[in-house]
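J.: Kindly return the folded structure for what I paste below:
(chains A and B)
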Number of protein chains: 2
Amino acid sequence: MTYCVAIKLNAGLVFLSDSRTNAGLDQISSFRKMMVYEKAGERFMVLLSAGNLSISQSVREILQTTQITDEQDGEPITIWNARSMFDAARVLGAAVRHVHERDGAALKRSGVDFNVSLVFGGQIQGEGMRLFQVYSAGNFIEATSETPYFQVGESKYGKPVLDRVLTPETPLDEAAKCALVSMDSTLKSNLSVGLPMDLVVYEVDRFTTDKIVCIDEHNPYFRMLHDSWGQKLRAVFDSIEDPAWDGESTKAPILVNPARSKPLKKITTRHDKLI
Amino acid sequence: MTYCVAIKLNAGLVFLSDSRTNAGLDQISSFRKMMVYEKAGERFMVLLSAGNLSISQSVREILQTTQITDEQDGEPITIWNARSMFDAARVLGAAVRHVHERDGAALKRSGVDFNVSLVFGGQIQGEGMRLFQVYSAGNFIEATSETPYFQVGESKYGKPVLDRVLTPETPLDEAAKCALVSMDSTLKSNLSVGLPMDLVVYEVDRFTTDKIVCIDEHNPYFRMLHDSWGQKLRAVFDSIEDPAWDGESTKAPILVNPARSKPLKKITTRHDKLI
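T.: Numbering: from 1, shown residues only, chains lettered A, B, ... in the order given. So this is what the prediction gives:
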């Protein structure tokens, strides 16, 4: 599997991907899942991929040469000349559909789903930043201020911290930290997600970035974050009092007791805050 | 969906289940997923269920009357006379298989998987506490000291905190708190898991418990925990410094740049701890 997350903020974009690929548990490899497409000063785009590796590699292979036709002037559109990220996402969708035409039937005969999930975001001169999630059918959705991030792959372990922290106003480096905490939780609980990971932080209207990094187990920042988060989370956990029990009755779970019925108790504390 | 977790500690057992059931997103109902089977002073058993509700309800309906045959003396074994939790889990497996015989073919014709996941744990006089996860085929596995908990249903959101906190030495009420934090994270990120939840805490060698509670949104302890965890997690997140970038080069993600190649930078901080 894989875990990738991309975040769209007012201040810029954050992309993070792991690099583990597995076919079963006994065939684990490291493949990078991030591609950066940049024409400095004009366009900056990042592609993250999850799902069947043969499909996502094929999509990446043909993406730069895939064309769609402009509905107005009939000119060919590629990711390198598209005038909007929406059109660039359409080109990516066309690349996915092209791979489906080529491989879909044969995969189906072998009982393999045509399974690929892509996140594609960036900025093209003349419009704001945009972030898309592209599905196996080549269709796609766009991130909004209500949902400022997309995840693909093993997304559930790392979702709670994103939900707790991210808003469009979150500063860029704080969002990068949030993505790394999200990845750290995923690494801890799922063997199919593994280091190294690739991180890109893009500042709005720059059309380039120098914040591109591959993070392995020796990276001092990630080591610090991994240790601090684990230790401090534990301290927070310890700081919350354990449940106390008293004799008041409350609604009971379904109790099957051939011998007796009994009073049920409830958890109480001194606290009485609102949810 | 559902989220249930059960934990086996040296000090006892903790069981926690939510109560949301959904068929699609427009049909959400509340069904309790916990059953307690107790003969005070002799046996105490708890069953948690996830999966297809018609299957789990059928299993629960017939569990008390399901019999298997003792391989040595030929006597019938039920959950009420089993001499070990292993035998009681075999009875539960037989109940699952019985429902499969009755409904499996018809479900398959309708394109519905025979999908049920059960956690069954407790203690019978004469042996220690045991905890099992029972699958759709009626087979089962047992929790060990290396893996002291089982989850069924939407398990991923709430797994990181269990992995960080639980060991066999964890005190009972601390484990109950951990289960509730795990549930809180799941509730936050997945609409298919919902209140109220049922919690049972069992102390070893008691063969009964008075710590059985239904927790809804008015429960003061859960309100406190929900608020404190969210606020303190945020404070911990804020206390970890954001990544800083310097000009040193490092291994780069795959970079496709038609215009230029460029130096890559890495995240550094003053920290240099070991993972």
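J.: C-alpha only now, for contacts and for neighbours.
T.: OK.
J.: residue contacts, the closest residue to chain B within the stretch 151-275 of chain A?
T.: Of all residues in the stretch 151-275 of chain A, the one sitting closest to chain B is A:Tyr157 (4.5 Å; Cα to the nearest Cα). If you count contacts by Cα atoms under 8 Å, 6 or more residues apart in numbering or on different chains, A:Tyr157 has them with A:Ser182, A:Ser185, A:Thr186, A:Ser189, B:Lys156, B:Tyr157, B:Gly158, B:Lys159, B:Pro160.
J.: hang on, isn't A:Gly158 packed against A:Ser182?
T.: Yes: when contacts are counted by Cα atoms under 8 Å, A:Gly158 is listed as touching A:Ser182 (4.2 Å).
J.: Neighbour count for the two, which is higher?
T.: More crowded of A:Gly158 and A:Ser182, by other Cα atoms under 10 Å in any protein chain shown: A:Gly158, with 29 against 23.
J.: which element follows whichever strand or helix holds A:Arg102 toward the C-terminus?
T.: Per DSSP states H and E, A:Arg102 falls inside helix A:85-109. The helix or strand immediately downstream of helix A:85-109 is strand A:116-124, counting by DSSP H and E.
J.: other SSEs contacting that following strand?
T.: With contacts defined as 3 or more Cα pairs under 8 Å, 6 or more residues apart in numbering or on different chains; DSSP states H and E, strand A:116-124 has these neighbours: strand A:43-51, helix A:85-109, strand A:130-134, strand A:149-153.
J.: do you know which of these lies nearest B:Ala137?
T.: Nearest to B:Ala137, of all the helices and strands packed on strand A:116-124, is helix A:85-109, at 27.1 Å by Cα to Cα.
J.: Is any residue of the closest one near chain B?
T.: No: legend: contact between helix A:85-109 and chain B by Cα under 8 Å from any Cα of the partner chain is lacking; minimum distance shown is 15.5 Å.
J.: Name the residues of that helix that are buried.
T.: A:85-100, A:104 (16 or more other Cα atoms under 10 Å in any protein chain shown).
J.: Also stretch A:33-53?
T.: Buried, per 16+ other Cα under 10 Å, within stretch A:33-53: A:33-39, A:42-53.
J.: next one: stretch A:235-243
T.: The neighbour-count check on stretch A:235-243 (16+ other Cα under 10 Å) flags A:Val236, A:Phe237, A:Asp242, A:Pro243 as buried.
J.: what about the third one, which SS state?
T.: Here A:Asp242 is coil, with the state taken from DSSP: H, G, I helix; E, B strand; the rest coil.
J.: these two touch, right, it and B:Thr170?
T.: No: contact criterion Cα under 8 Å: A:Asp242 and B:Thr170 do not qualify, at 11.9 Å.
J.: now the angle from the helix holding A:Arg102 to strand A:116-124?
T.: 170 degrees (axes from the mean of the first three to the mean of the last three Cα atoms, to 10 degrees).
J.: Check which helices and strands helix A:85-109 sits against.
T.: Using 3+ Cα pairs under 8 Å, 6+ apart: helix A:85-109 touches helix A:53-63, strand A:68-69, strand A:76-77, strand A:116-124, strand A:130-134.
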